[in-house]
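*Asks:* Fold the following and give me the result.
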Amino acid sequence: MFSGLKRTALYFFGATASVFIFIPATTRAVPSIRTARFPHPLSNTTLIKDGKAGSVVVTSESRVQRRLPNPARFREVNGRGLLLSAWVNGAGPYTFAIDTGAGATILSSRVAGEARVSESGRRPVMIGGMSGAGSVAGREVSVRTFALGEENNILPLSGLVIVTDNLAPGVDGVLDPAEAYWPLGFEIDMPRGMMTAFDPRVNPLRRDQSSAQDEAIVPWLFDGQSRRPFVMLEGRLRALLDTGSGFGLAVTESAAVSLGILGARGGEYRDVRDLAGGQISAHKISPATVRLGNLVLRSVPTDLLSNAKAGAPALLGRDALRPFRLTFDPLNRLIRIVPG
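*Replies:* Numbering: from 1, shown residues only. Predicted structure coming up:
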């Protein structure tokens, strides 16, 4: 049924933990980051700081003036994730969850109806679960404006936006900041509950910025289908930095073997159901120590995932990321992780 279709991975968080979902979509819906030409509103311009906090003047042939979005505050709510207020096409406020593992911005059907988003010329998508069992329908849509934190704080939102009927109770949508802020960079300050935009053409990350042992500046590894932030752990295991997941470190058995962490098992099991109705079992094992660049994460709560779809990546979720500030530079493909 989905011959010739590509899949972009999303994380959907339920009442107790995140689950992995796939969205089959055509190549046009989620173009390859290595080959596609994404529109860049700051290209062919001269950037000048105007001396005002959080703003940049952009001069070009059209003399367009642009400002960085203001910082937006979020809060962590048990079972629902990192939540903030958002406005869609001026309607709102709605409750959105910050999910760096999403691969798209997701709206509930109620929000899509109230905000009168456009489906003209757009295609349906099918959403399948991490277990590989079943699928549910979604719809690609077009949004005129998307604001975060306050009604007039408009984000670029140039990436994929979809609508589904299957979001968790109490959540109106899911925000993937890599899609919503593109081509700007962004920082998620977990301890302070603040998300901030920056222009990587003015203030880029660089690999040589710091050699401190308590921080890491590592390559942002794209998967060729989306802008989801993969990193390489010691042992050459790719892991997804996933603020939509309530896990610390979550791995399949093969990944646990490659990391050398498949040790004594505890007695705690968690069953989570994905968006398509499939079920994944998470089994608590001994806390792990993993290395990410110069940074060593010790005693990370670790879960072993069973009956997960083949090829599912390792996850570093909120239980591992909570002490850190995470800075994402999409143009230079770097991520900085530093204690908050």
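*Asks:* Pull out the buried residues from the lengthiest strand in the chain.
*Replies:* Using DSSP state E to define each element, the chain has its longest strand at strand 279-292. Neighbour counts over strand 279-292 (16 or more other CB atoms under 10 Å) mark Ile280, Ala282, His283, Lys284, Ile285, Pro287, Ala288, Val290, Leu292 as buried. No exception for glycine: its C-beta is placed from N, CA and C like everyone else's.
*Asks:* Helix or strand next in line after it, which one?
*Replies:* Per DSSP states H and E, the first helix or strand lying C-terminal to strand 279-292 is strand 295-306.
*Asks:* That following strand vs strand 279-292, what angle?
*Replies:* If you take axes from the mean of the first three to the mean of the last three CA atoms, to 10 degrees, strand 295-306 sits at 160 degrees to strand 279-292.
*Asks:* Point out the other helices and strands that the helix or strand that strand 295-306 is followed by packs with.
*Replies:* Moving toward the C-terminus from strand 295-306, the first helix or strand encountered (DSSP H and E) is strand 314-316. Counting contacts by 3 or more CB pairs under 8 Å, 6 or more residues apart in numbering; DSSP states H and E, strand 314-316 is packed against strand 237-241, strand 249-252.
*Asks:* go again using 6 Å as the cut-off
*Replies:* Applying 3 or more CB pairs under 6 Å, 6 or more residues apart in numbering; DSSP states H and E, we find strand 314-316 packed against strand 237-241.
*Asks:* Partner strands of the strand it packs on, with direction?
*Replies:* Strand 237-241 sits in its sheet next to strand 230-233 (antiparallel), strand 314-316 (parallel), going by DSSP bridges.
*Asks:* Give me the residues contacting stretch 173-184.
*Replies:* 40, 94, 96-99, 102, 104-107, 111, 155, 157-159, 186, 197, 199, 227 (CB atoms under 6 Å, 6 or more residues apart in numbering).
*Asks:* And it, end to end?
*Replies:* Terminal residues of stretch 173-184 are spaced 21 Å apart (CA to CA, to the nearest Å).
*Asks:* and Gly90, how many neighbours?
*Replies:* 12 (other CB atoms under 10 Å).
*Asks:* Check which residues of stretch 197-214 are buried.
*Replies:* For stretch 197-214, a neighbour-count test (16+ other CB under 10 Å) marks Ala197, Phe198, Asp199, Pro200, Arg201, Leu205 as buried.
*Asks:* and those residues as CSV, adding secondary structure?
*Replies:* Below are those laid out as CSV (DSSP: H, G, I helix; E, B strand; the rest coil):
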residue, secondary structure
Ala197, strand
Phe198, strand
Asp199, coil
Pro200, coil
Arg201, coil
Leu205, coil
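*Asks:* Can you tell me which of those lies closest to Leu297?
*Replies:* Of all the buried residues of stretch 197-214, Leu297 sits closest to Leu205, with 20.0 Å by CB to CB.
*Asks:* Look up how far Arg325 lies from the closest one.
*Replies:* Distance, Leu205 to Arg325, using CB to CB, to the nearest Å: 12 Å.
*Asks:* From what I see, Ala320 and Val300 are in contact.
*Replies:* Yes: with contact defined as CB atoms under 6 Å, Ala320 and Val300 form a contacting pair (4.9 Å).
*Asks:* overlap in contacts of the two?
*Replies:* With CB under 6 Å, 6+ apart as the test, Ala320 and Val300 both reach Gly248, Leu249.
*Asks:* Neighbour count for these two, which is higher?
*Replies:* Comparing Ala320 with Val300 by neighbour count (other CB under 10 Å), the higher total belongs to Ala320, at 24 against 18.
*Asks:* For that one, which non-adjacent residue is closest in space?
*Replies:* Distances taken as CB to CB, 6 or more residues apart in numbering put Gly248 closest to Ala320, at 4.3 Å, once the chain neighbours are dropped.
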